[in-house]
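# got a sequence here, can you build the structure:
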Amino acid sequence: MLRVVKIILLSILMLGIISTAAIANITSPHTFGDFVGEPTGSLRSLAIIREMLSLDLRPIDKVGLARIVATYQVSNQGQPTSVDLVFISPGIKAGSISVDGASVPSTPLQLLNLPPQWQPPKTVPGISELPFVQQPKNKYKVNPTLASGLRFIATLPPGEHQLQVSYDMHPSTSDDALYRDYQIAYILAPARSWADFGVLEVSVNLPPNWKVATSLPMKRTGDTLKAT
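Just a heads-up that it's a prediction; the model follows:
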(Lines give C-alpha, C1' and ligand atoms only; values in the text may rest on other atoms or scores of the structure.)
Protein backbone atom coordinates (compact mmCIF):
# COMPACT_ATOMS: atom_id res chain seq x y z
CA MET A 1 0.00 0.00 0.00
CA LEU A 2 1.30 3.42 -0.92
CA ARG A 3 1.23 5.92 1.95
CA VAL A 4 0.70 9.64 1.64
CA VAL A 5 1.09 12.42 4.20
CA LYS A 6 -0.46 15.88 4.02
CA ILE A 7 0.50 18.81 6.22
CA ILE A 8 -1.19 22.19 6.59
CA LEU A 9 0.84 25.08 7.97
CA LEU A 10 -0.23 28.66 7.47
CA SER A 11 -2.91 29.73 9.81
CA ILE A 12 -2.86 25.94 9.74
CA LEU A 13 -0.03 23.61 8.79
CA MET A 14 -1.41 20.60 7.02
CA LEU A 15 0.53 17.54 6.07
CA GLY A 16 -0.40 14.46 4.11
CA ILE A 17 1.60 11.30 3.45
CA ILE A 18 0.97 8.08 1.55
CA SER A 19 2.44 4.72 2.63
CA THR A 20 3.29 1.55 0.68
CA ALA A 21 1.78 -1.69 2.08
CA ALA A 22 -1.45 -3.50 1.22
CA ILE A 23 -4.60 -2.73 3.22
CA ALA A 24 -6.41 -5.76 4.64
CA ASN A 25 -9.34 -6.22 7.04
CA ILE A 26 -10.07 -2.51 7.28
CA THR A 27 -13.18 -1.99 9.41
CA SER A 28 -13.44 1.76 8.82
CA PRO A 29 -11.97 3.92 6.02
CA HIS A 30 -11.27 6.76 8.49
CA THR A 31 -9.64 7.08 11.89
CA PHE A 32 -9.70 10.26 13.93
CA GLY A 33 -6.51 12.20 14.64
CA ASP A 34 -5.45 14.61 17.39
CA PHE A 35 -5.67 18.38 17.54
CA VAL A 36 -2.18 19.93 17.64
CA GLY A 37 -0.90 23.49 17.38
CA GLU A 38 0.35 26.66 19.01
CA PRO A 39 -0.53 27.46 22.64
CA THR A 40 -3.27 29.89 23.54
CA GLY A 41 -3.37 32.13 26.61
CA SER A 42 -2.05 35.37 28.13
CA LEU A 43 0.68 36.27 25.65
CA ARG A 44 0.32 39.99 24.86
CA SER A 45 3.33 40.96 27.00
CA LEU A 46 5.69 38.43 25.39
CA ALA A 47 7.33 38.24 21.96
CA ILE A 48 8.57 35.15 20.14
CA ILE A 49 12.03 35.80 18.69
CA ARG A 50 12.21 32.40 17.04
CA GLU A 51 10.15 29.23 16.94
CA MET A 52 11.62 25.91 15.83
CA LEU A 53 8.88 23.42 15.01
CA SER A 54 9.92 19.82 14.38
CA LEU A 55 7.55 17.10 13.14
CA ASP A 56 9.08 13.62 13.12
CA LEU A 57 6.77 11.38 11.09
CA ARG A 58 9.09 8.38 10.92
CA PRO A 59 7.42 6.59 13.88
CA ILE A 60 4.11 6.57 11.96
CA ASP A 61 5.37 3.65 9.88
CA LYS A 62 5.90 1.47 12.97
CA VAL A 63 3.72 2.70 15.84
CA GLY A 64 1.23 5.03 14.14
CA LEU A 65 2.42 8.13 16.02
CA ALA A 66 4.17 11.35 15.02
CA ARG A 67 6.56 13.19 17.37
CA ILE A 68 6.22 16.97 17.69
CA VAL A 69 8.73 19.28 19.38
CA ALA A 70 8.12 23.05 19.47
CA THR A 71 10.88 25.27 20.89
CA TYR A 72 10.20 28.97 21.47
CA GLN A 73 12.82 31.65 22.11
CA VAL A 74 10.72 34.16 24.06
CA SER A 75 11.51 37.75 25.05
CA ASN A 76 9.99 39.58 28.02
CA GLN A 77 10.88 43.26 27.73
CA GLY A 78 8.89 44.38 30.76
CA GLN A 79 8.38 43.37 34.38
CA PRO A 80 8.26 39.76 35.60
CA THR A 81 5.22 38.27 33.88
CA SER A 82 2.93 35.43 34.90
CA VAL A 83 2.19 33.36 31.80
CA ASP A 84 -0.96 31.23 31.65
CA LEU A 85 -0.84 28.95 28.60
CA VAL A 86 -2.94 26.10 27.24
CA PHE A 87 -1.43 23.51 24.89
CA ILE A 88 -4.09 21.47 23.10
CA SER A 89 -3.27 17.85 22.26
CA PRO A 90 -4.17 14.54 23.93
CA GLY A 91 -0.50 13.53 23.69
CA ILE A 92 0.73 16.35 25.94
CA LYS A 93 1.45 14.95 29.39
CA ALA A 94 2.94 16.17 32.65
CA GLY A 95 6.63 16.85 32.08
CA SER A 96 6.08 17.66 28.40
CA ILE A 97 6.58 21.40 28.96
CA SER A 98 9.77 23.10 30.13
CA VAL A 99 10.95 26.68 30.68
CA ASP A 100 14.72 27.26 30.46
CA GLY A 101 15.23 23.49 30.72
CA ALA A 102 13.17 23.00 33.89
CA SER A 103 9.91 21.06 33.82
CA VAL A 104 6.87 23.22 34.62
CA PRO A 105 3.91 21.93 36.70
CA SER A 106 0.76 21.60 34.64
CA THR A 107 -2.93 20.73 34.93
CA PRO A 108 -4.77 18.42 32.49
CA LEU A 109 -7.92 19.81 30.91
CA GLN A 110 -10.69 18.87 28.53
CA LEU A 111 -12.04 21.44 26.06
CA LEU A 112 -15.62 20.93 24.94
CA ASN A 113 -15.70 24.23 23.04
CA LEU A 114 -12.62 25.25 21.07
CA PRO A 115 -11.71 28.93 20.61
CA PRO A 116 -12.56 30.17 17.09
CA GLN A 117 -8.87 30.33 16.10
CA TRP A 118 -8.53 26.64 16.99
CA GLN A 119 -11.17 25.35 14.58
CA PRO A 120 -9.64 22.67 12.32
CA PRO A 121 -9.73 22.93 8.52
CA LYS A 122 -12.27 21.01 6.47
CA THR A 123 -9.82 20.04 3.74
CA VAL A 124 -6.11 19.36 3.32
CA PRO A 125 -3.76 19.45 0.31
CA GLY A 126 -4.03 16.55 -2.10
CA ILE A 127 -1.18 14.58 -3.65
CA SER A 128 -1.21 14.42 -7.43
CA GLU A 129 0.27 11.84 -9.80
CA LEU A 130 -0.65 8.80 -7.71
CA PRO A 131 -0.42 5.47 -9.57
CA PHE A 132 -3.77 3.94 -10.58
CA VAL A 133 -5.73 7.07 -9.64
CA GLN A 134 -7.44 8.49 -12.72
CA GLN A 135 -8.10 11.91 -11.18
CA PRO A 136 -5.73 13.21 -8.49
CA LYS A 137 -7.31 13.87 -5.12
CA ASN A 138 -6.81 17.56 -4.50
CA LYS A 139 -8.69 17.78 -1.21
CA TYR A 140 -8.84 15.53 1.83
CA LYS A 141 -11.22 15.84 4.75
CA VAL A 142 -9.83 16.29 8.24
CA ASN A 143 -11.27 14.15 11.02
CA PRO A 144 -11.81 16.21 14.19
CA THR A 145 -11.45 14.78 17.69
CA LEU A 146 -12.38 15.97 21.15
CA ALA A 147 -9.64 18.34 22.25
CA SER A 148 -7.69 17.91 25.46
CA GLY A 149 -4.32 19.10 26.69
CA LEU A 150 -2.45 20.85 29.48
CA ARG A 151 -2.60 24.23 31.18
CA PHE A 152 0.49 25.63 32.88
CA ILE A 153 1.35 28.87 34.66
CA ALA A 154 4.93 30.17 34.92
CA THR A 155 6.53 33.48 35.89
CA LEU A 156 9.09 34.79 33.41
CA PRO A 157 11.62 37.42 34.60
CA PRO A 158 12.70 40.14 32.15
CA GLY A 159 14.98 38.90 29.36
CA GLU A 160 15.04 35.96 26.97
CA HIS A 161 13.80 32.48 27.82
CA GLN A 162 13.33 29.12 26.13
CA LEU A 163 9.95 27.43 26.25
CA GLN A 164 9.71 23.89 24.87
CA VAL A 165 6.89 21.39 24.49
CA SER A 166 7.23 17.83 23.15
CA TYR A 167 4.62 15.13 22.65
CA ASP A 168 3.36 12.31 20.44
CA MET A 169 0.19 12.59 18.37
CA HIS A 170 -2.06 10.37 16.27
CA PRO A 171 -2.55 11.57 12.68
CA SER A 172 -5.90 11.19 10.97
CA THR A 173 -6.00 8.42 8.38
CA SER A 174 -8.11 7.69 5.33
CA ASP A 175 -7.94 4.41 3.42
CA ASP A 176 -9.08 3.33 0.01
CA ALA A 177 -8.26 0.17 -1.95
CA LEU A 178 -4.73 1.31 -2.78
CA TYR A 179 -3.61 4.10 -0.49
CA ARG A 180 -3.44 4.99 3.16
CA ASP A 181 -3.57 8.74 3.60
CA TYR A 182 -2.25 10.33 6.83
CA GLN A 183 -3.33 13.86 7.69
CA ILE A 184 -1.86 16.29 10.24
CA ALA A 185 -3.26 19.77 10.85
CA TYR A 186 -1.01 21.95 13.03
CA ILE A 187 -2.94 25.06 14.07
CA LEU A 188 -0.73 28.17 13.91
CA ALA A 189 -3.45 30.82 14.27
CA PRO A 190 -3.10 31.21 18.10
CA ALA A 191 0.44 32.56 17.55
CA ARG A 192 -1.19 35.86 16.54
CA SER A 193 -1.92 36.52 20.22
CA TRP A 194 1.79 37.01 21.06
CA ALA A 195 3.07 40.60 21.28
CA ASP A 196 5.33 39.88 18.30
CA PHE A 197 6.36 36.85 16.25
CA GLY A 198 9.79 36.72 14.64
CA VAL A 199 11.14 33.71 12.73
CA LEU A 200 9.37 30.37 12.26
CA GLU A 201 11.54 27.41 11.25
CA VAL A 202 9.77 24.16 10.35
CA SER A 203 11.37 20.77 9.74
CA VAL A 204 9.61 17.51 8.87
CA ASN A 205 11.27 14.08 8.84
CA LEU A 206 9.46 11.53 6.67
CA PRO A 207 9.60 7.74 6.48
CA PRO A 208 11.72 6.69 3.46
CA ASN A 209 10.19 7.43 0.06
CA TRP A 210 6.79 8.58 1.33
CA LYS A 211 4.89 11.12 -0.75
CA VAL A 212 3.86 14.37 0.91
CA ALA A 213 1.80 17.52 0.30
CA THR A 214 1.91 20.62 2.50
CA SER A 215 0.02 23.89 2.72
CA LEU A 216 3.30 25.73 3.37
CA PRO A 217 5.96 25.79 0.62
CA MET A 218 8.77 23.54 1.86
CA LYS A 219 12.02 22.33 0.33
CA ARG A 220 12.51 18.57 0.27
CA THR A 221 15.99 17.05 0.51
CA GLY A 222 15.81 13.27 0.62
CA ASP A 223 13.19 12.50 3.25
CA THR A 224 13.46 15.85 5.07
CA LEU A 225 11.34 18.96 4.50
CA LYS A 226 12.37 22.42 5.68
CA ALA A 227 10.88 25.91 5.55
CA THR A 228 11.59 29.28 7.16
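# quick one: the helices in this protein, in order.
60-63 (DSSP state H).
# count the neighbours of residue 166 for me.
Residue 166: 17 surrounding residues under other CB atoms under 10 Å. In this view, the C-beta of every residue, glycine as well, is placed from N, C-alpha and C.
# give me every residue that touches it.
Contact analysis of residue 166 by CB atoms under 8 Å, 6 or more residues apart in numbering lists 67-70, 96.
# pull out the buried residues from the residues you listed.
67-68, 70, 96 (16 or more other CB atoms under 10 Å).
# just give me the closest of those residues to residue 83.
residue 70 (15.1 Å; CB to CB).
# if we can go back for a sec, now the contacts of residue 166 as TSV including pLDDT and distance to residue 36?
Output for the contacts of residue 166, formatted as TSV (pLDDT from 0 to 100; distance: CB to CB, whole Å):
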residue	pLDDT	distance to residue 36
67	92	11
68	91	6
69	94	12
70	91	9
96	81	12
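# of these, which is the nearest to residue 168?
Nearest to residue 168 among those, with distances taken as CB to CB, is residue 67, at 5.6 Å.
# hang on, isn't the closest one packed against residue 53?
No: using CB atoms under 8 Å, residue 67 makes no contact with residue 53, being 11.8 Å away.
# next step: the contacts of residue 166 restricted to strands.
67-70 (DSSP state E).
# distance to residue 110 added to the buried ones among the contacts of residue 166, as TSV?
Listed next are these as TSV, based on distance: CB to CB, whole Å:
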residue	distance to residue 110
67	23
68	20
70	21
96	17
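# surely residue 196 is in contact with residue 47?
Yes: Residue 196 is within contact range of residue 47, at 3.7 Å (criterion: CB under 8 Å).
# okay, these two: which has more neighbours?
Comparing residue 196 with residue 47 by other CB under 10 Å, the one with more neighbours is residue 47, at 17 against 10.
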